[in-house]
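1. Give me the fold of what follows.
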Amino acid sequence: EFLLVPASAFKAVKEKLLEEDKTKKIFLAQHVPGFRECPIPGPNDPPYPSFYFHKVVMQTGHEFIRQGSVTPGVIYVLCRGTLDVRRHKKLKFDPASGLMTFIESEVSGEADEIVDVVSAGSLFGSCPQGKTQEPFTYVATSRVEVFKVNTKDLDFLPPGLLHQIQHHLSCLVSQRLKYSCVHRHFGWERRHNVLYSRRRRQVAVKPEKDYNDSIVKELEQRDLNTGILAGRCGEALHGFRH
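-> Down below sits the predicted model:
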């Protein structure tokens, strides 16, 4: 028995695959640092870097990376959906593994804080420093689609591209740690309006009876003189007209 595929059907499938590959390259060039600088390979050159970015679909609640674990090198580019970047405050030292682990008595997620939200077009991944415990947990809050570079494929990426991606991920981790461990710890994430954060001092107006009598009499005399002058000007103007 043979399965025959008509040439017309094969051509349609090939065109669809080429269109998807083109869309993937455009997306990666827009969101992955250093991707635009990668030259188009020749006939005998290694594949274009987009070849190593494989699309994966995960459901809500999937943990891509867990805090406290030592995750092999992996890179993700989020295409659709959102993820929470969470940090668990209560950890304990495990002598057996030599790592910080979650306190088992805690209810799952009870002590987690949401440090950041990853949206479509953003990169995330394991710590670029190598054998380092992950400082955050990345959890899908919806059905997500990602482009994933597996550990075994990292060495096939151009060194310049890999360096820029790892630098970008390091900066993201540093910013989130600073926000979680410093800004939130001291309450600096509350941004006050510098110009209007303090109430203006109210000047108490003294009752009229507390004013000096001489000042009151002087003001009354000025009003009287003004009235007399206005009356004389009015009479002079009336005489001039008639």
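
2. Spit out the contact partners of the nearest residue to Leu123 once chain neighbours are set aside.
-> Using CB to CB, 6 or more residues apart in numbering and skipping residues adjacent in sequence, the residue nearest Leu123 is Val77, 5.6 Å away. Placement of C-beta: from N, CA and C, glycine included. Applying CB atoms under 8 Å, 6 or more residues apart in numbering, we find Val77 in contact with 27-28, 31-32, 53, 121-123, 146-147.

3. Among those, which pair sits farthest apart?
-> Phe53 and Ser122 (14.4 Å; CB to CB).

4. neighbour count winner among the two?
-> Between Phe53 and Ser122, counted using other CB atoms under 10 Å, the more crowded position is Phe53 (24 against 15).

5. Strands of this structure, start to end?
-> 54-58, 63-65, 75-80, 83-88, 91-94, 99-102, 112-118, 123-125, 137-140, 144-149 (DSSP state E).

6. Name the strands paired with the longest one and say parallel or antiparallel.
-> Meaning strand 112-118. strand 83-88 (antiparallel) (DSSP bridges).

7. Now do the same for the partner strand: mean pLDDT, whole number.
-> Across strand 83-88, the average pLDDT comes to 89.

8. what about Thr71, neighbour count?
-> By other CB under 10 Å, neighbour count at Thr71 equals 17.

9. Surely it and Glu134 touch.
-> Yes. Counting by CB atoms under 8 Å, Thr71 does reach Glu134; the two are 5.7 Å apart.

10. Mutual contacts of the two, please.
-> 65, 126-127.

11. What is the burial count for Pro72?
-> 11.

12. what's near enough to touch the spatially closest residue to it that is not a sequence neighbour?
-> Nearest residue to Pro72, sequence neighbours excluded (CB to CB, 6+ apart): Thr151, at 4.3 Å. When contacts are counted by CB under 8 Å, 6+ apart, Thr151 touches 72-74.

13. Distance-wise, check Thr151 relative to Gln166.
-> According to CB to CB, to the nearest Å, Thr151 and Gln166 sit 13 Å apart.

14. again with Phe136
-> 16 Å.

15. Between the two, point out the one with more neighbours.
-> Phe136 (23 against 18).

16. ok, now which ones touch that one?
-> With CB under 8 Å, 6+ apart, Phe136 has these contacts: 65, 67, 85-87, 115, 173, 176.
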